[in-house]
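Visitor: sharing a sequence plus its predicted fold:
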Amino acid sequence: MRRANLGDSGSGHYVASGYSVYEEENEQLQEGLRAKVSALKSLTIDIGTEVKYQNKMLEDMDSDFDSTGGLLGSTIGRVKQLSRGSQSKLLCYMLLFCLFVFFVLYWFIRLR
């Protein structure tokens, strides 16, 4: 903030007009500062909203990964049980099917 020279060394009219110039300049600077503060406030509110949204999305992904991990664990358990049994013919068919699917996917990707 600038201060006006309000000493007794000059005429009263000169001092009063100088003071009003400084007051106008201070008011303009205050308005600029208010605009910047308002912009920062809006930005921080938007950042807070985005952080809440991202946290919710991460929590949803965490629960999805947990459920997928449980499903995958049970599937692997079934495959192990299948391989221990005398159903080697079924295991061979399943392996051939997986190889066929991978070959088809490779072929589709290769043609792109």
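Guide: On my side now, so go ahead.
Visitor: CA only for contacts and neighbour counts going forward, please
Guide: Fine.
Visitor: where does pLDDT dip in the chain?
Guide: The chain contains residues with pLDDT under 70 at 1-18, 82-83, 85-87.
Visitor: if we use 80, what do you get?
Guide: 1-19, 79-92, 112 (pLDDT under 80).
Visitor: dead centre of it: give me the residue that sits there.
Guide: For the chain, the residue nearest the mean C-alpha position is Q54 (5.4 Å; Cα atoms, centre = their mean).
Visitor: distance of that one from I47?
Guide: 10 Å (Cα to Cα, to the nearest Å).
Visitor: one step back: give me the next element, helix or strand, following the stretch of helix or strand the residue nearest to the centre of the chain belongs to.
Guide: Assigned by DSSP states H and E, Q54 belongs to helix 12-84. Following helix 12-84 in sequence order, the next helix or strand is helix 88-111 (DSSP H and E).
Visitor: could you give the separation of that following helix from the chain centroid?
Guide: On the basis of Cα atoms, centre = their mean, to the nearest Å, helix 88-111 sits 39 Å off its chain's mean C-alpha point.
Visitor: so for it, what gets flagged as buried?
Guide: When burial is assessed from 16 or more other Cα atoms under 10 Å, helix 88-111 yields no buried residues.
Visitor: coming back round to it: got the angle for the helix holding Q54 vs helix 88-111?
Guide: 140 degrees (axes from the mean of the first three to the mean of the last three Cα atoms, to 10 degrees).
Visitor: report all helices and strands that helix 12-84 contacts.
Guide: If you count contacts as 3 or more Cα pairs under 8 Å, 6 or more residues apart in numbering; DSSP states H and E, helix 12-84 packs onto helix 88-111.
Visitor: what helices or strands is the helix it packs on leaning on?
Guide: With contacts taken as 3+ Cα pairs under 8 Å, 6+ apart, helix 88-111 sits against helix 12-84.
Visitor: measure E50 to L43 for me?
Guide: Distance, E50 to L43, by Cα to Cα: 11 Å.
Visitor: right, I mislabeled it, should have said E23
Guide: The value you get for E23 to L43, if Cα to Cα is used, is 30 Å.
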